[in-house]
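Novice: Model the structure of this input:
(one chain, ligands or ions: 1)
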Amino acid sequence: MHLVPTQDEVVALLTQTGALRRGHFVYPNGLHADEYLQVALAMRYYQHAKTLSVGLSRLVRANPEINAVIPELSIVAPATGGLPVAYGVSEALRAHPVYWAERENENEPLHFRQYLEQVVGEKVLLVDDILRTGTKLMQLKRLVEASGAEVVGLAVVVYQPTPATPDFSPLPFYYLAKLDGLYYRDAASCELCQRGVPLEKTRL
Ligand SMILES: [Zn+2]
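Specialist: Below is the predicted model:
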């Protein structure tokens, strides 16, 4: 394994731990896809979690502007699912606080816990296990910026874009592996449905 694991090494690790599955899946938003990814299944293993988060932190550290503010950098995740990566990256960077956003249900806006107050000008690195639809990460970016903090970068273990994934540029964006799954808007346009491949439902 390289210090920054290669795309192939990350895919092998995810496959071996059952985090990455090939087949025919329907997501809660109705998209059909030929692969399913649940990075949490790989993060169950401390050594794998460490390999991934240390690799990611090395990519982040290579950015001179971010490297210069590491001593005052907060690591923020959009939900608890990103926490293993967030803590791993924070440990590797020797960065400052880790915290996360949450919401009561899918229709509520993201918020931080009571008494968790951000500092105006605070430097924030957004971290998550996956960037897929980008909805939550975009909400988190707005939430962080609304309090006067500055988002300096975005780092995820896996970049798995869908046709609707927003572009975060010019924000520096880091990932260890990119997965180009096949996505279909619905059953009617899905080739896997047409070929009669058994369909598995996924939940978030
Ligand atoms: Zn289908």
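
Novice: which residue ranges form the strands in the protein?
Specialist: Applying DSSP state E to the chain gives strands spanning 20-26, 32-37, 73-77, 98-100, 123-131, 150-159, 173-178, 183-184, 200-201.

Novice: out of those strands, nearest to Leu59?
Specialist: Closest to Leu59 of the strands of the chain is strand 173-178 (CB to CB; 4.2 Å). Quick note: C-beta positions are derived from backbone N, CA and C, even for glycine.

Novice: for that closest one, packing partners?
Specialist: Applying 3 or more CB pairs under 8 Å, 6 or more residues apart in numbering; DSSP states H and E, one finds that strand 173-178 contacts helix 7-16, helix 46-61, strand 150-159.

Novice: and stretch 76-88, which residues are buried?
Specialist: By 16 or more other CB atoms under 10 Å, the buried positions in stretch 76-88 come out as Val76, Ala77, Pro78, Ala79, Gly81, Gly82, Leu83, Pro84, Val85, Ala86, Tyr87, Gly88.

Novice: Out of the strands of the chain, which is closest to the ion?
Specialist: Comparing the strands of the chain by their distance to the ion (CB to the ion), the top pick is strand 32-37, with 3.4 Å.

Novice: Compute the inter-axis angle for the closest one and helix 7-16.
Specialist: Per axes from the mean of the first three to the mean of the last three CA atoms, to 10 degrees, the angle that strand 32-37 makes with helix 7-16 is 90 degrees.

Novice: helices and strands around strand 32-37, which ones?
Specialist: strand 20-26, strand 183-184, helix 191-194.

Novice: mind checking how far that strand is from the chain centre?
Specialist: For strand 32-37, the separation from the chain centroid amounts to 16 Å (computed by CA atoms, centre = their mean, to the nearest Å).

Novice: between that strand and strand 150-159, how big is the angle?
Specialist: Between strand 32-37 and strand 150-159, the angle comes out at 100 degrees (the same axes, to 10 degrees).

Novice: ok, and does strand 32-37 reach over to the ion?
Specialist: Yes. With CB under 5 Å from the ion as the measure, strand 32-37 is seen reaching the ion through His32.

Novice: 3 is where my numbering starts, stick with that
Specialist: Fine by me, first position is 3 from now on; the one you just mentioned is strand 34-39.
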